[in-house]
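Q: Please work out how this folds:
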Amino acid sequence: MALSANLYLRQSQSLVMTPQLMQSIQLLQMTHFELTQFIAQEVEKNPLLEFPSNDAETGNDRASEEDDARSRQAEEPSGSDEDYDSRSEVMSGDWSDRTDSAGAGRMNDELDANYANVFPDDGVPQRADAPELISQWKSMPGGGEGTESYDLDDFVAGQVSLRDHLAQQLPFVLPLITDRLIGQYLADQLDDAGYLYADLAEAAERLGTGMPEVERVLAVLQTLDPPGVFARSLSECLSIQLRQRDRYDPAMQAFVGNLELLARRDFATLKRLCGVDEEDLLDMLSEIRQLNPKPGSGFEAVVSEAIMPDVVVRPSSDGSWLVELNPDTLPRVLVNQSYFAKVTKHGDDHAFLSECLQTANWLTRSLDQRAKTIMKVATEIVRQQDAFLLHGVDHLRPLNLKTVADAIKMHESTVSRVTSNKYMLTPRGLFELKYFFTVSISAVEGGDSHSAEAVRHRIRALILHESPEAVLSDDDIVDILKESGVELARRTVAKYREAMNIASSVQRRREKRALAKVASY
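A: Down below sits the predicted model:
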């Protein structure tokens, strides 16, 4: 059989992921902050891209006012030179009459401009306004004429960190320089909650000192404010606070040393170990709840930023819902076509600018497509979850990505990218778009299915309103849900309850009875 080479022509279709297409897909799942950074980088690289200036409208208004002034000046009669000379003589005569020593007072009285007694401090030498203060005020936003209003965040005092707060106290409790250096080193090893997890032996070796000196300095540091700081465990943190309150007796020491029993709500063993009765144990439990397990939590290391909603939903006058994109999160970028035409007219860097123009046009189209896609997905979610917006979380419908994707004629992966890290502001609050996608739970006798989030909310409400005498078990919750049309297994109820960090019925019964006795006292 002879071998031969042949040529064939074939047509086929394939999806090619170009770099622009991949970047366009990445734009969908970017947050507002990430998108702002990406656009800033593109504007820095591309000379044809620019941010819209807020001074554009102001400049147009100012130009129109100048044109009106010129037209009014042109319409006014100029008059002859004699009239102008006569007017000048009259004005100069009046001014000379009024500016002499005799007429100065008369002019001030006529114009109500007597400033003699405005400033009562006659003996204090007057000073001109400090020029550096004037320049600082004019350089501030809103300080000069024609500028924007100032931002109140510019006047907010800086937050004091935990380490700064402790550094202010070190000179008062550690007078020696060597002890202060040890204290500063230990303060640098604190976490955000105020706990010290550093190895003291390693710290002593690093600082070139002995363990007794480090332990002595640590004992002094544990007396600083906030109470409980520099603790190495939760038990030690509570012990430090109890010592400062003069409540660290042997019974309380045994109570703090067995916190795992408190977590399991094993009050019987705690009473035996502490040697107290039930009434004293309830008092000790009340004191423990008044302590702060995280003394450094009041000093935030990072300033929390508010979430900016991407979509705003509000009721319309006709009873429907008005879905809008938040204008504060919409990226604004312009393509400078005039600059491109001006430069390429002379034939300078035509290839480079053509590529920049193509990239700029692609970016604007991608941003516009991103906004349209978010709008489509948000509108469909509002249409599907209309009952939730009207009546609350009990009426949240089960929803998946495929349902929304089929309704708006898009792929499920596109809907998943759009709902990632995007938020919707509704009359019910601020929710992530993924919040509205929940698992479906079947109903009794083939009725309408229920949302898993709605069922969890119902379980939480049942447990919250139970009485100490009638604590609901998981089987009781299953029966109540079945009566309301929700078919759910007992192990599913237990899984939902544990996910919401709710104790079992036995532990809840002990705790509710203990709290009822505390309330009775």
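Q: hey, let's count contacts and neighbours off CA atoms from now on
A: Will do.
Q: Show me what counts as buried in the longest helix seen in the chain.
A: The helix that spans the most residues within the chain, counting by DSSP state H, is helix 350-384. For helix 350-384, burial by neighbour count (16 or more other CA atoms under 10 Å) applies to 353, 356-357, 359-360, 363-364, 366-367, 370-371, 373-382, 384.
Q: next structured bit after it?
A: With elements assigned by DSSP states H and E, the helix or strand that comes after helix 350-384 is helix 386-391.
Q: Output the contacting helices and strands for the helix or strand following that following helix.
A: Using DSSP H and E, the helix or strand that directly follows helix 386-391 along the chain is helix 401-408. Applying 3 or more CA pairs under 8 Å, 6 or more residues apart in numbering; DSSP states H and E, one finds that helix 401-408 contacts helix 350-384, helix 412-419.
Q: so which of those gets nearest residue 190?
A: Counting by CA to CA, residue 190 lies closest to helix 412-419 out of these; the figure is 37.8 Å.
Q: Output the closest one as PDB, restricted to C-alpha atoms.
A: C-alpha atoms of helix 412-419 as PDB (Å, rounded to 0.1, in the frame of the first residue of the first chain):
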ATOM      1  CA  GLU A 412     -24.700  29.500  34.300                       C
ATOM      2  CA  SER A 413     -21.000  30.400  34.700                       C
ATOM      3  CA  THR A 414     -21.800  34.000  33.600                       C
ATOM      4  CA  VAL A 415     -24.500  34.300  36.200                       C
ATOM      5  CA  SER A 416     -22.100  32.800  38.800                       C
ATOM      6  CA  ARG A 417     -19.500  35.400  38.000                       C
ATOM      7  CA  VAL A 418     -22.000  38.300  38.100                       C
ATOM      8  CA  THR A 419     -23.300  37.300  41.500                       C
END
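Q: ok, now which ones touch residue 23?
A: Residue 23 sits next to no residue when contact means CA atoms under 8 Å, 6 or more residues apart in numbering.
Q: Need the three-state assignment for it.
A: At residue 23, secondary structure determined by DSSP: H, G, I helix; E, B strand; the rest coil is helix.
Q: returning to that earlier point: including distance to residue 37 and mean pLDDT, could the helices and strands packed on helix 401-408 go into TSV?
A: TSV is the format used below for these (distance: least, CA to CA, whole Å; pLDDT from 0 to 100):
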stretch	distance to residue 37	mean pLDDT
helix 350-384	14	90
helix 412-419	18	90
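Q: Pipe those helices into JSON lines and attach distance to residue 15 per row.
A: Output for these, formatted as JSON lines (distance: least, CA to CA, whole Å):
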{"stretch": "helix 350-384", "distance to residue 15": "18"}
{"stretch": "helix 412-419", "distance to residue 15": "16"}
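Q: Packing partners of whichever strand or helix holds residue 251?
A: Assigned by DSSP H and E, residue 251 falls within helix 250-256. For helix 250-256, the elements it packs on are helix 234-244, helix 267-274, judged by 3+ CA pairs under 8 Å, 6+ apart.
Q: Pick the most deeply packed of the ones you listed.
A: Stretch with highest mean neighbour count among the helices and strands packed on helix 250-256: helix 234-244 (a mean of 19; mean count of other CA atoms under 10 Å).
Q: average pLDDT for it?
A: Averaged across helix 234-244, the pLDDT comes to 92.
Q: about what we covered before: please state the offset of the helix or strand just after the helix holding residue 251 from the chain centre?
A: Remark: after helix 250-256, the chain's next helix or strand is helix 259-263, criterion DSSP H and E. Centre-to-centre, helix 259-263 and its host chain are 35 Å apart (CA atoms, centre = their mean, to the nearest Å).
Q: ok, and what's touching helix 259-263?
A: For helix 259-263, contacts defined as CA under 8 Å, 6+ apart pick out 235, 267, 269-270.
Q: try it again with 7 Å
A: residue 270 (CA atoms under 7 Å, 6 or more residues apart in numbering).
Q: What is the neighbour count of residue 163?
A: Residue 163 sits with 18 neighbouring residues when counted by other CA atoms under 10 Å.
Q: In three-state terms, label the closest residue to it other than its chain neighbours for me.
A: Counting by CA to CA, 6 or more residues apart in numbering, residue 163 lies nearest to residue 187, which is 6.3 Å off, once chain neighbours are set aside. Under three-state DSSP, residue 187 falls in the helix class.
Q: now residue 223
A: Looking at residue 223 with three-state DSSP, the answer is coil.
Q: from memory residue 418 sits against residue 374, does it?
A: Yes. Using CA atoms under 7 Å, residue 418 is in contact with residue 374, at 6.1 Å.
Q: measure stretch 343-355 end to end?
A: 14 Å (CA to CA, to the nearest Å).
Q: C-terminal to the helix or strand harbouring residue 431, what's the next element?
A: Using DSSP H and E, the element containing residue 431 is strand 429-432. Using DSSP H and E, the helix or strand that follows strand 429-432 in sequence is strand 440-441.
Q: what pairs with that following strand, and is each one parallel or antiparallel?
A: Strands that pair with strand 440-441, judged by DSSP bridges, come out as strand 450-451 (antiparallel).
Q: Rounded mean pLDDT for the strand it pairs with, please.
A: Across strand 450-451, the average pLDDT comes to 78.
Q: and it, how far out from the chain's middle?
A: In terms of CA atoms, centre = their mean, the gap separating the centre of strand 450-451 from the centre of its chain is 30 Å.
Q: again with stretch 3-16
A: Centroid displacement of stretch 3-16 relative to its chain, using CA atoms, centre = their mean, is 55 Å.
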